[in-house]
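Asks: Turn this into a model:
(4 chains)
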Number of protein chains: 2
Amino acid sequence: MGRVSDAKQKLMDAVLELIWSGSYGNTTIDQICEKAGVKKGSFYYFFDSKADLAASAFDANWQVRRAELDSIFSSTVPPLERLQKYCDFNYRFQSEIKARFGFVLGCPLFTLGAEVCTQEDALRKKIQEILEYKRKYLESAIRDADASGMIRAPDWAAKARMIVAYYEGLLTQARIQNDVSGLRDMARGIFAILGVKEKETVAAA
Amino acid sequence: MGRVSDAKQKLMDAVLELIWSGSYGNTTIDQICEKAGVKKGSFYYFFDSKADLAASAFDANWQVRRAELDSIFSSTVPPLERLQKYCDFNYRFQSEIKARFGFVLGCPLFTLGAEVCTQEDALRKKIQEILEYKRKYLESAIRDADASGMIRAPDWAAKARMIVAYYEGLLTQARIQNDVSGLRDMARGIFAILGVKEKETVAAA
DNA sequence: AAAATAGTTGACTATTTAGTAGAATTGAGT
DNA sequence: ACTCAATTCTACTAAATAGTCAACTATTTT
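Replies: Have a look, this model is predicted:
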């Protein structure tokens, strides 16, 4: 009972975009409220702090993104093709972002994680949790590729961690350079780490 | 003539440590001055802004770090061994940092670059410039390894970019997770990207 | 020793920012 | 159409922050 509100969602949308297109530290509560079209009183009605809002926003956003990844990493798709599709998706996505914002923005989780990890422990934990989930998609693709004999990778977990590092590094590099072109190497690098021979590479989607 | 001062250097040291152990956005001019033991008037006597100080500080710091890299990447050392030494160095260095600060801090350039790239263009350019220099060390090691037939990598530049992405990604991952253990894979990953067979791997230094 | 130069200081202003209190309003359930 | 929990709004406080300035101090040059 009582009235209903979409202020919570509007605040989460606003903070995500502000953090992503700028940074956490440079984003003020007043800015968030203005962008969301919500008054500060309402902000504090729903959230305790900027860190609390950010954690909620990333959590809610992850529930949405999850569906995309479930589709890309569907078990019905051959494992190496999943990786190829994921790379293609990222290239397209970042290119769209650049067209829309004028900036390549990279991976908001990784950028935010690097920024706040020594200062906001609750937020850091939430970010790490989501990054773990993302890693699992890669890990299972690698394990499946190994099981079906397409690659030799008895050390899935280590390989997955290496690939996440490479993947996030590339995206962050693209952000810093404001240039998507380096992302074209994403699949090549991943396959190199997995020891896939160039000729066996899957055709682009 | 006039009096002499080390305030400039003290300010540069202070801002580096504050940014590295925390973040750019969370670091205030008052904090920098307090840490440096310098009054704000002197800050503005030497620098125009926080961004100006940060750019100067990273520039000056690079001149020092350069010497370390010149030694590690000396042409007198076999190319793949240079890479191995560089990986070992990074692992030791981050471990020391963790012992000293309680946090793995990763690469300050990359973390700062990701944070400010959409907001502080002059600073972004300075960071990119230094990252370029760092890349060149890797590039020449790869070219040398190719020339001497140890690996096949006619595309040095692309390989170097891939390796930088992987390297920076690993360091940032270590920062976010506050854990150096993933850095042990650094050389393995680099050699995988270069297509070096496991057996040919250089012994750790 | 005086003049010029280089650097320091503390006290100040103006803004921005986080966070609060409580009255006012809205709308869902009855 | 009433009730009351849920939400919004206005106006506020206190603290943090960036940036300025004129007077002061120390060092070198002449």
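Asks: can we go C-alpha only for contacts and neighbour counts from here?
Replies: Noted.
Asks: in chain A, which residue is closest to the centre?
Replies: A:Cys107 (4.6 Å; Cα atoms, centre = their mean).
Asks: A:Glu120 and A:Asp13, how far apart?
Replies: The gap separating A:Glu120 from A:Asp13 is 20 Å, by Cα to Cα, to the nearest Å.
Asks: meant to ask about A:Asp48
Replies: A:Asp48 sits at a distance of 17 Å from A:Asp13 (criterion: Cα to Cα).
Asks: Looking at those two, which is more packed in?
Replies: A:Asp13 (19 against 10; other Cα atoms under 10 Å in any protein chain shown).
Asks: What score does A:Lys197 have for pLDDT?
Replies: A:Lys197 is assigned 76 on the pLDDT scale.
Asks: whoops, A:Ala203 was the one
Replies: 54.
Asks: now swap in A:Val4 and tell me
Replies: 89.
Asks: Give me the secondary structure label for it.
Replies: Recorded secondary structure, A:Val4: coil (DSSP: H, G, I helix; E, B strand; the rest coil).
Asks: and it, how many neighbours?
Replies: By the criterion of other Cα under 10 Å, A:Val4 has 6 neighbours.
Asks: same deal with A:Ser71?
Replies: Using other Cα under 10 Å, the number of residues around A:Ser71 comes to 12.
Asks: Following the helix or strand where it lies in sequence, what is the next regular element?
Replies: Per DSSP states H and E: A:Ser71 is located in helix A:50-72. Downstream of helix A:50-72, the next assigned helix or strand under DSSP H and E is helix A:79-101.
Asks: Determine the set of other helices and strands touching the next helix or strand after that following helix.
Replies: Next in sequence after helix A:79-101, counting helices and strands by DSSP H and E, comes helix A:108-116. Counting contacts by 3 or more Cα pairs under 8 Å, 6 or more residues apart in numbering or on different chains; DSSP states H and E, helix A:108-116 packs against helix A:7-21, helix A:121-147, helix A:156-177, helix B:108-116, helix B:156-177.
Asks: Tell me what angle the first one forms with helix A:50-72.
Replies: For helix A:7-21 against helix A:50-72, the angle between stretch directions is 80 degrees (axes from the mean of the first three to the mean of the last three Cα atoms, to 10 degrees).
Asks: residues in contact with helix A:7-21?
Replies: A:24, A:27, A:32-33, A:35-38, A:42-43, A:46, A:53-54, A:56-58, A:101, A:103, A:105, A:108, A:112, B:118 (Cα atoms under 8 Å, 6 or more residues apart in numbering or on different chains).
Asks: among the residues you listed, which are in reach of DNA strand D?
Replies: For DNA strand D, the contacts drawn from the contacts of helix A:7-21 by Cα under 7 Å from any atom of the strand are A:Val38, A:Ser42.
Asks: Buried only: go through the contacts of helix A:7-21 for me.
Replies: Among the contacts of helix A:7-21, those buried by neighbour count (16 or more other Cα atoms under 10 Å in any protein chain shown) are A:24, A:32-33, A:35-36, A:38, A:43, A:53-54, A:56-58, A:103, A:105, A:108, A:112, B:118.
Asks: Direction-wise, compare the helix holding A:Ser71 with helix A:79-101 and give the angle.
Replies: Using the same axes, to 10 degrees: helix A:50-72 against helix A:79-101 is 130 degrees.
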